[in-house]
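Engineer: I need the structure of the sequence given here:
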Amino acid sequence: MNQLQAMRVFVSVAEHGSFGRAAASLAMSNAVVTRYVALLEAHLETRLINRNTRSASLTEAGAAYAQGCRQVLDDLERIETHIAHGVSVPSGILRVVAHASFSLHDLTPLLQHYLAAFPKVRLSLTLLHRPVDLIEEGFDAGIVAPRQVSGGTLIRRPLVSVAPIAVAAPAYLASHVANGVANRAVNGVAEGIAAPMRPADLARHTLLAPSADIHGNEWHFERADGTRETVLIEPAYAVNNSVMLRQAALAGMGITILPANHVAADLAQGLLVRMLAGWEIREADKELSLVYPGRRHVPAKTRSFVDFTVEWFRKRDVAMPRAGYAVNSPDTALTNSMPAIIRTSGNS
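Structural biologist: This next block holds a predicted model:
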């Protein structure tokens, strides 16, 4: 027996006081309506309705049961309306995990505009460097490096690929002189005897680098003409956070390699200058993807965040093009020229 349907039929009979009128309102036959009521009475082992040829009246048990049925059916309708509203209108708590270094630079404006567009969503953000199991840890979506995430069937939407560049503070370059000739910067690019002109020159400098769990000590450089050099870096200072690396570079502690978007403002303001401008650092792009569980029915809050984030990055790339930054940028194959291996020291 479909008990919910039987309860709906019984309530209709109770309200209309007639099997025939209830059957007409429900677009059912009299026989079907009578059958549903009989099934309920058999299930409850009690008479609910007194029948005669003209009308149907509730027994004492039937009146109590009708009141209870109305409450159950009203509660069910409220629940279904709430769920249906949540499916179509983004609402509730959205749990997002994000790569910590990226988040400290670029995530707040995105989240600010998203919450303004969807005010019924409440956001819970977790920043991580470590790998994360999206489903096991209960996240709705993640903005993470591809190697950082796992967990069941996930849908991945590439967002951004940021190329790294070598940078240093003018104060560091001014203090690092050769034969008494100070370094200078022209249009944000370092020039002079103290500035490295090729990757091998890094051996004469103090180097700052991400820790080995983020990037190994081997860095690949390539010029436009296909010349390649591979440098083995032994940093004087290593840390697992790009914000700390940037701060160290700004403090004049040495030369470091950072994603271009992390230092774009510093370069524009002259707080940092670019090293090795004619060289591209290969196989080190920082890629970020938007990932979310591959369910058949994606909640409205998750779908809205996915669509908003993808569009946000697309618009930002169009409005703010800059060197070393590309949305959905594929890797470029290296040339076949033989690389040189140079071991650098962490101290000048």
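Engineer: Going by C-alpha atoms from here, please, whenever you check contacts or count neighbours.
Structural biologist: Will do.
Engineer: got a list of contacts for the helix or strand hosting Leu208?
Structural biologist: Here Leu208 is covered by strand 207-210, with elements defined by DSSP states H and E. With CA atoms under 8 Å, 6 or more residues apart in numbering as the test, strand 207-210 has contacts from 233-242, 245, 248-249, 253-257, 345-347.
Engineer: Paired strands for that strand, with orientation please.
Structural biologist: Next to strand 207-210 in the sheet, as set by DSSP bridges, lie strand 237-239 (parallel), strand 255-259 (parallel).
Engineer: Show residues contacting the first one.
Structural biologist: Contacting residues not belonging to strand 237-239 are listed as 207-211, 245, 346 [CA under 8 Å, 6+ apart].
Engineer: which of these sit farthest apart?
Structural biologist: Pairwise distances across the contacts of strand 237-239 (CA to CA) peak at 14.7 Å, for the pair Leu245 and Gly346.
Engineer: low-scoring pLDDT stretches of this protein, where are they?
Structural biologist: For the chain, the stretches with pLDDT under 70 are 53, 84-87, 101-105, 151-152, 177-194, 213, 284-285, 295-296, 317-348.
Engineer: Tell me where it has helices.
Structural biologist: Assigned by DSSP state H, the helices in the chain fall at 3-16, 19-26, 30-44, 60-88, 100-102, 108-117, 170-175, 242-250, 260-269, 300-319.
Engineer: Out of those, the one nearest Gly226 is which?
Structural biologist: Once these are compared by CA to CA, helix 260-269 is nearest, at 21.7 Å.
Engineer: tell me the angle of that closest one relative to helix 242-250?
Structural biologist: Helix 260-269 runs at 30 degrees relative to helix 242-250, counting by axes from the mean of the first three to the mean of the last three CA atoms, to 10 degrees.
Engineer: for helix 260-269, the distance to its chain's centre please.
Structural biologist: Centre-to-centre, helix 260-269 and its host chain are 24 Å apart (CA atoms, centre = their mean, to the nearest Å).
Engineer: re earlier: turn the strands paired with strand 207-210 into JSON lines, including mean neighbour count and distance to Pro199.
Structural biologist: As requested, the strands paired with strand 207-210 are exported to JSON lines (neighbours: other CA atoms under 10 Å; distance: least, CA to CA, whole Å):
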{"stretch": "strand 237-239", "mean neighbour count": "17", "distance to Pro199": "18"}
{"stretch": "strand 255-259", "mean neighbour count": "25", "distance to Pro199": "12"}
